[in-house]
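Visitor: Here is my input, please return the structure:
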Amino acid sequence: MKKFDYAVVIGRFQPLHNAHLELIRYSLSLAEKVVIVLGSARSAPDIRNPFTPSMREEIIRACLPEEAERLVFRAVRDYPYNDHVWTAEIQNVVGELSEDDGFENPRVGIVGFFKDRSSYYLNLFPQWTFEEFYCSDKRQLTLNATEIREKYFGGDDSWRSLVPEVVAAYLDAFRATEFFPALKSEFDYLGKYREDTRFVGVPYKPTFVTTDTVVVQSGHVLVIRRGFQPGKGLLALPGGFLAENLTLEESAIKELKEETSIKVPVQVLRGSIKASHVFDFPERSLRGRTVTFAYYLELAPDLREGLPRVKGGDDAKKAFWLPLSALGEKEDEFFEDHIHIIRYFLGI
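Guide: You can find the predicted model right below:
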């Protein structure tokens, strides 16, 4: 008899490394089934999340072929501005699984290790027993998937000793796929960007301030298709860096007009602002610490004229009105956290 019916392991596993694998094996020793919750589902591929949930499941299963029946995988979206929704989604995953298995009161443990601030999520499930993971090799507890990705995309092969052989073979094969060149190009761009924007002579990293606008009319939201890196080709909100001679609101309206050429007078746009909010999730941008001030605009319906004409300009390859009903199917095409900003204002 195992200690738990289910052991829950939460992670992005981008990629799976040696400590991850030992964590899963330890969880298998504790429970009849291990529920592996794969984070960052439905995120657009980037150098932080290069592998889809199905790819990550394939990798983990390939490392543990003898445990196929005892591993259960579920992919969960990120909710950087709403921990409650994220927590409820994981609770529902375990609840539905236990119901399917006929358990009324399953014994559930959540297994993990308090490594840094990113491990705070382990505190969000007090109804489950926390089981701390003790790695046989203490040095492995310092393994960092970010460092592995940096080495992998940067051409430093020392990452190979940090991952299981199966994972190394998978990453070698991934280099030959159609996805790798764009990710490599983005990695190189971001590396140069950080170098070009670093402070010289002071012990601080720069913090960038941007503005974004969520413009809604008649069940549609105004979006752009990015024309340049980072996130070239992805959907995004109209926005940009704060102009030094403008207020936040003025800068937001200026960027909106420049990137979409929206046929609405500036005074009407400013009068249509219904709300604003600061979005400051520390990891929201791969460019570096970037805080955005977003404005929510509701334009009055116009049965005769319909949606205002828009046209991509400045950094935007294209601007168009996206039906709100299409947000779900387009979710994995959005740049950074822009889909979450939209959902924050719309409450969906």
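Visitor: Please make it C-alpha for all contacts and neighbour counts, starting now.
Guide: Will do.
Visitor: number of nearby residues for residue 306?
Guide: Using other CA atoms under 10 Å, the number of residues around residue 306 comes to 10.
Visitor: how much space between it and residue 219?
Guide: To residue 219, residue 306 is 12 Å away according to CA to CA, to the nearest Å.
Visitor: how about the strands in the stretch 1-150 of the chain?
Guide: For the stretch 1-150 of the chain, strands defined by DSSP state E, counting those that start in this stretch occupy the ranges 4-11, 31-41, 71-77, 108-112, 129-132.
Visitor: How about the stretch 151-300 of the chain?
Guide: With DSSP E, counting those that start in this stretch as the criterion, the stretch 151-300 of the chain has strands spanning 208-217, 220-226, 235-236, 239-241, 273-279, 290-298.
Visitor: so which of those strands gets nearest residue 251?
Guide: strand 208-217 (6.9 Å; CA to CA).
Visitor: Redo the strands of the stretch 151-300 of the chain as CSV? Include distance to residue 170, mean neighbour count and mean pLDDT.
Guide: Output for the strands of the stretch 151-300 of the chain, formatted as CSV (distance: least, CA to CA, whole Å; neighbours: other CA atoms under 10 Å; pLDDT from 0 to 100):
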stretch, distance to residue 170, mean neighbour count, mean pLDDT
strand 208-217, 36, 22, 98
strand 220-226, 30, 23, 97
strand 235-236, 29, 24, 98
strand 239-241, 37, 21, 96
strand 273-279, 36, 15, 98
strand 290-298, 33, 21, 98
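Visitor: you'd agree residue 53 is up against residue 43?
Guide: No. Judged on CA atoms under 8 Å, residue 53 makes no contact with residue 43 at a distance of 9.9 Å.
Visitor: what sits in contact with each of those two?
Guide: Common neighbours of residue 53 and residue 43, counting by CA atoms under 8 Å, 6 or more residues apart in numbering, are absent.
Visitor: picking that back up, take the strands of the stretch 151-300 of the chain and lay them out in a markdown table including distance to residue 338.
Guide: Below are the strands of the stretch 151-300 of the chain laid out as a markdown table (distance: least, CA to CA, whole Å):
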| stretch | distance to residue 338 |
| --- | --- |
| strand 208-217 | 9 |
| strand 220-226 | 10 |
| strand 235-236 | 6 |
| strand 239-241 | 11 |
| strand 273-279 | 10 |
| strand 290-298 | 10 |
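Visitor: Out of these, which is closest to residue 329?
Guide: Closest approach to residue 329 among the strands of the stretch 151-300 of the chain is made by strand 235-236 (12.3 Å; CA to CA).
Visitor: so how far is that closest one from its chain's centroid?
Guide: Distance, stretch centre to chain centre, for strand 235-236: 14 Å (CA atoms, centre = their mean, to the nearest Å).
Visitor: Pull the residues that contact it.
Guide: Residues outside strand 235-236 that contact it (CA under 8 Å, 6+ apart) are 223-226, 333-335, 338-339.
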